[in-house]
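1. Predicted coordinates and the sequence they were generated for:
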Amino acid sequence: MDALSVTQDTAATPDVHALLIRHFELMRAASPAESCHVLEPGTLLDTGAVLFAARSEGTLLGVGALATLEPTHGELKSMHTAAAARGRGVGAALVAALMDHARTRGMTRLSLETGSDALFAPARALYSAHGFTLCAPFGDYVLDPLSVFMTRTL
């Protein structure tokens, strides 16, 4: 893969917006509404989340966001790698960049919610490889058999 850059971006950037919409649609199709916690692109940034985009030679390959739960506790949101870029380290680069950004903001813990079925197995493996372990629901989440909750200290 050519050089990958991960930089802060916004949902107003056309290709970022399109990939966030794709992510939203895929997540809505994969889970019933009561178990789907994906945020629409506008809502994601309205929460104050910081968005990062991964690009190679100007082509958007993936996105991910960091939302603040508490001053020292953040949540990874809207992690998505474009289908053509999967298996190329894009997700790992995004997780690393988001963890670094969380540290610069004084966060000492990151958590996330992802799905429990096979579709989400690659995501769970990615997060496990970056030190995330299973945990109880956090924030406003409730126990749900279709959700997996993970956390790690920074």
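-> Looks like it arrived, so ask away. Bear in mind that the values here come from a model prediction, so they are computed numbers and not experimental data. Numbering: from 1, shown residues only.
2. Relative to V50, how far out is L98?
-> 8 Å (CB to CB, to the nearest Å). In short, each C-beta sits where N, CA and C put it, glycine included.
3. what about the two, which has more around it?
-> Using other CB atoms under 10 Å, the more surrounded residue of L98 and V50 is L98, with 24 against 19.
4. Leaving out chain neighbours, which residue sits closest to that one?
-> Closest residue to L98 apart from its sequence neighbours, by CB to CB, 6 or more residues apart in numbering: L66 at 4.9 Å.
5. on that earlier part again, name the residues contacting each of L98 and V50.
-> Common contact partners of L98 and V50 (CB atoms under 8 Å, 6 or more residues apart in numbering): A65, L66.
6. shaky segments in this protein?
-> 1-2, 23-24, 27-42, 44 (pLDDT under 70).
7. Helices along that one, start to end?
-> Along the chain, counting by DSSP state H, helices occupy 14-30, 41-46, 90-104, 121-129.
8. so of the ones you listed, which one's packed in deepest?
-> Among those, the stretch with the highest mean neighbour count (mean count of other CB atoms under 10 Å) is helix 90-104, at a mean of 19.
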